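>>> Structure for this input, please:
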Amino acid sequence: HYIATCYEAMGDTAMSVETYKQGIEAYPENNVYLYIQLINYYLGKKQLDQAASFIRPAVAQDPENFSLWNVYGLAHEDSDMEAAITGYKKAIELNPEFFDPYYNLGTIYFNRGVEANNEAMSIPLSETEKYNATILLRDEHFDNAMPYYEKAHEIDPNYGDVLVALKEIYYRKQMTDKLAEVTKKIEDLK
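Numbering: from 1, shown residues only. Next comes the predicted model:
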């Protein structure tokens, strides 16, 4: 770690990363910190596949680390959505007051709902059954998103993206009291 830090201080990121990898090879047990350094590096570069390759052994060494499980979810969102969901749910299980996995799960389900809604809007009027089935799927995704967003909102009541998503869900579900409440909060934040 100290050698890698020196390389980083000298501006040689490539050698820093290589040194962390050498440290993992030399000390395969009890080195979760070295894994975390590499995970953070690759996440910062938006290289999720590379981050994912280091997150699995890190989680294996520190399975009670809720933050690692959240990063596990992040690292898998592009390649394996079910693994991402598993990671977020494990992070919540380990720390029920951690905002990020609630927000991330809410966003996964919300985006699925938006996709289903867009699909429904492209269905011809003559295909009523297909349209109705797609609307039901949209509503199911929004139903799945709602409790995660509500908990995220409970943890951080001023996070604008959560409020906007909740507004859309409450509107779609015709939950007028909650819609009015969240609309007022959005206006108050402006």
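>>> I'd like the next helix or strand past the lengthiest helix in the chain.
Looking across the chain with DSSP state H, the single longest helix is helix 128-155. Reading on from helix 128-155 to the C-terminus, the next helix or strand found by DSSP states H and E is helix 160-172.
>>> That following helix vs helix 128-155, what angle?
Angle of helix 160-172 versus helix 128-155, following axes from the mean of the first three to the mean of the last three CA atoms, to 10 degrees, is 140 degrees.
>>> which outside residues touch helix 160-172?
Residues from elsewhere that reach helix 160-172 (CB atoms under 8 Å, 6 or more residues apart in numbering): 103, 106-107, 110, 113, 138-139, 142, 145-146, 149-150, 152-153, 156, 175-176, 178-179, 182-183, 185-186, 189. Glycine gets a C-beta too; all of them are placed from N, C-alpha and C.
>>> Stretch 33-50 now?
Residues from elsewhere that reach stretch 33-50, judged by CB under 8 Å, 6+ apart: 1, 4, 13, 16-17, 20-21, 23-24, 27, 51, 54-55, 57-58, 61, 68, 71, 74-79.
>>> try stretch 150-157
Glu97, Phe98, Phe99, Tyr102, Tyr103, Gly106, Tyr159, Val162, Leu163, Leu166, Lys185.
>>> So Lys45 versus Ser53, what's the distance?
Using CB to CB, to the nearest Å, we find Lys45 at a distance of 13 Å from Ser53.
>>> more neighbours, the two?
Looking at Lys45 and Ser53 with other CB atoms under 10 Å, you find the greater number of neighbours at Ser53, namely 15 against 12.
>>> What pLDDT does the model give Asn31?
Looking at Asn31, its pLDDT reads 83.
>>> for this structure, what spans make up the helices?
For the chain, applying DSSP H gives helices covering 2-9, 13-26, 32-44, 48-61, 66-76, 81-94, 99-121, 128-155, 160-172, 176-189.
>>> The second one vs helix 32-44, what angle?
An angle of 140 degrees separates the directions of helix 13-26 and helix 32-44 when computed by the same axes, to 10 degrees.
>>> quick check, distance from helix 13-26 to the centre of its chain.
28 Å (CA atoms, centre = their mean, to the nearest Å).
>>> So which bits of it are buried?
Met15, Ser16, Val17, Thr19, Tyr20, Gly23, Ile24 (16 or more other CB atoms under 10 Å).
>>> For the fourth one, give me the pLDDT.
Spelled out, it's Thr19. pLDDT, Thr19: 92.
>>> How about the longest helix of the chain, which residues are buried there?
Using 16+ other CB under 10 Å as the test for burial, helix 128-155 gives 131, 134-135, 137-139, 141-142, 144-146, 148-153, 155.
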